[in-house]
Structures are given as C-alpha cells and as structure tokens.
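Colleague: Curious how this folds, go ahead:
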Amino acid sequence: MKSSLPASHVPEHNHQRCISSAVSRAESICERKGQRFTGLRKQVFKLVWSNHEPVTAYDLLKQLRREKENAEPPTVYRALEFLQHLGLVHRIESLNAYIGCDHPDREHVSQFLICVRCNQAVEIADDGTMIRGILSKADELGFQVHSQTVEIAGTCRFCR
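Modeller: Below you'll find the predicted structure:
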C-alpha cells in the first residue's frame, strides 16, 4: 500500500503547480470522456483543490460567491456531482465534505486517512488487497455491497 504525506506538510510543495496539474488532468479526462469542463465546473474544481483539506459544499458556495454573487447551492451541488461522477473529486462521507482525487485516471475505491486535529485527508492507494479482503468477508457473510468507502480517523504524525 502506497501513501504520501499531506502536501501541506511537505515544505517544497508548490501548490499552484499542484492545482495546475490537477486542472490539466481534469481537462484531459473530460475531453477523453466527451464531457464539458465548463467554466463553473472548473471554478468549483479549483476551489476544491485550493487546499488539501476536505471542504463542504457550503464553504465552496461562500468562496464561489466572492466571484459569482448569485451562485446558489444547487449550482455547487451539480458541479460536485459532475466532478464525482468523473472521479475527479471524492466525497468524504464522515465529514460531508469533498476533496480532490489524487489519481483520477485509475479506477479505485476511495480510502482516506483523516487527521482529527489538522483536518488533513490523505488518499491512500491500495493495490486492491484491502478491498478484496473486505469484499471477500462481505461475500462470506452473505452481505451485498452497494458502495465502498474507507475512512480512518486518527492523528497524523505532525499533530501527535
């Protein structure tokens, strides 16, 4: 299982390059899938990526209203739904918040380590071992899985 430090904890992290790279990947994915990455969708996407902490839809709305005074909640929710559908952002269920996907080019199940002190959320990449184990146990128990998200709350090494 591979994981990385939260970007905000890496001194040499160039956040503008990070956002720019995420936008480029998103544009490429939208083009490849024949979807429109409209100005509004791009704006919401950039706001999600504006830091590496999960952000609620209403926080996004507040930020969006700085540029578009008449923005309404459905506008943000529709953009988030589009971005989620394409795998560009994830919804962190336990926080009712959203975060940019670190690897939108790969089919995967969302798995996060969430620090309860600094609110950083790190998406962890799994080679499939953990999810296969969970699905195997569910099958063994006769449980039909409808969706999968792994969220582990704890304290990161920088906050301990």
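Colleague: So which bits of stretch 137-150 are buried?
Modeller: Neighbour-count burial for stretch 137-150 flags no residue at all (criterion: 16 or more other CB atoms under 10 Å). Using the backbone N, CA and C atoms, a C-beta is placed for each residue, glycine as well.
Colleague: can you list contacts of the top helix by length along the chain?
Modeller: Scanning the chain for the longest helix, with DSSP state H as the assignment, gives helix 15-32. Contacts of helix 15-32 from elsewhere in the structure, counted by CB atoms under 8 Å, 6 or more residues apart in numbering, are 7, 35-37, 42, 45-46, 49-51, 83, 86-88, 100, 104-105.
Colleague: Show me what secondary structure element comes after that helix.
Modeller: Beyond helix 15-32 in the direction of the C-terminus, DSSP states H and E gives the next helix or strand as helix 39-48.
Colleague: can you give me the angle that next one makes with helix 15-32?
Modeller: With axes from the mean of the first three to the mean of the last three CA atoms, to 10 degrees as the basis, helix 39-48 and helix 15-32 are set at 140 degrees to each other.
Colleague: quick one: average confidence on helix 39-48?
Modeller: The average of the pLDDT scores along helix 39-48 is 96.
Colleague: Next SSE downstream of it?
Modeller: Past helix 39-48, heading to the C-terminal end, the next element that is a helix or strand (DSSP H and E) is helix 57-65.
Colleague: and that following helix, what does it pack onto?
Modeller: Taking 3 or more CB pairs under 8 Å, 6 or more residues apart in numbering; DSSP states H and E as the contact definition, the neighbouring helices and strands of helix 57-65 are helix 39-48, helix 73-85.
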